[in-house]
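J.: just coords:
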């Protein structure tokens, strides 16, 4: 459960980085259905969206960690190439989020 909580908090952090470009895409979209779908992932759109996104991320994190736990037991990950690859994937996600924030940020300064 702690893993799911941390995972959903990290997903919300990534979504908060991309909220301005999502808002711009929403304004340029003319299809109402597509606007609603895009606004669902915009956590600044409404408080309800924030909680729905958090709940969905929490559930998906639990499901995916259970799947990964069954596919890759600890002895297959710890100290092996698979473990290093997973660690590098997480590290690259952190770096990509930082680069995405710098690239997609629409600050006036």
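T.: Right, received. Where do you want to start? Note that the structure is a prediction, hence the values are computed from the model and not measured. Residues are numbered from 1 along each chain as shown.
J.: how near is the residue located most distally from the centre of the chain to residue 88?
T.: Within the chain, residue 75 marks the point farthest from the mean C-alpha position, 27.6 Å out by Cα atoms, centre = their mean. According to Cβ to Cβ, to the nearest Å, residue 75 stands 20 Å off from residue 88. Where C-beta positions appear, they are placed from N, C-alpha and C, glycine not excepted.
J.: Just give the nearest non-adjacent residue to residue 8, would you?
T.: Leaving out its chain neighbours, the residue that sits closest to residue 8 by Cβ to Cβ, 6 or more residues apart in numbering is residue 57, at 3.8 Å.
J.: cool, and residue 77?
T.: Nearest non-adjacent residue to residue 77, counting by Cβ to Cβ, 6+ apart: residue 83, 4.0 Å away.
J.: cool, residue 7 as well?
T.: Per Cβ to Cβ, 6+ apart, closest to residue 7 is residue 61, 3.5 Å.
J.: Run through the residues that contact the one you found.
T.: Going by Cβ atoms under 8 Å, 6 or more residues apart in numbering, residue 61 touches 3, 4, 7, 8, 11.
J.: same thing but at 6 Å, please
T.: With contact set as Cβ atoms under 6 Å, 6 or more residues apart in numbering, residue 61 has these partners: 4, 7, 8.
J.: do residue 72 as well
T.: Residue 72 is in contact with no residue at all, counting by Cβ under 6 Å, 6+ apart.
J.: Quick check, pLDDT for it.
T.: For residue 72, the pLDDT comes out at 78.
J.: phi, psi of it?
T.: As for residue 72, its main-chain torsions (degrees, to the nearest 10) stand at phi -130, psi 90.
J.: what comes up buried for the helix or strand containing the residue farthest from the centre of the chain?
T.: Using DSSP states H and E, residue 75 maps to helix 74-77. Using 16 or more other Cβ atoms under 10 Å as the test for burial, helix 74-77 gives residue 77.
J.: just the helices in this protein please.
T.: Counting by DSSP state H, the chain has helices at residues 2-17, 19-28, 32-40, 47-71, 74-77, 81-104.
J.: and the last one, what other elements does it pack with?
T.: Contact partners of helix 81-104 among helices and strands, from 3 or more Cβ pairs under 6 Å, 6 or more residues apart in numbering; DSSP states H and E: helix 2-17.
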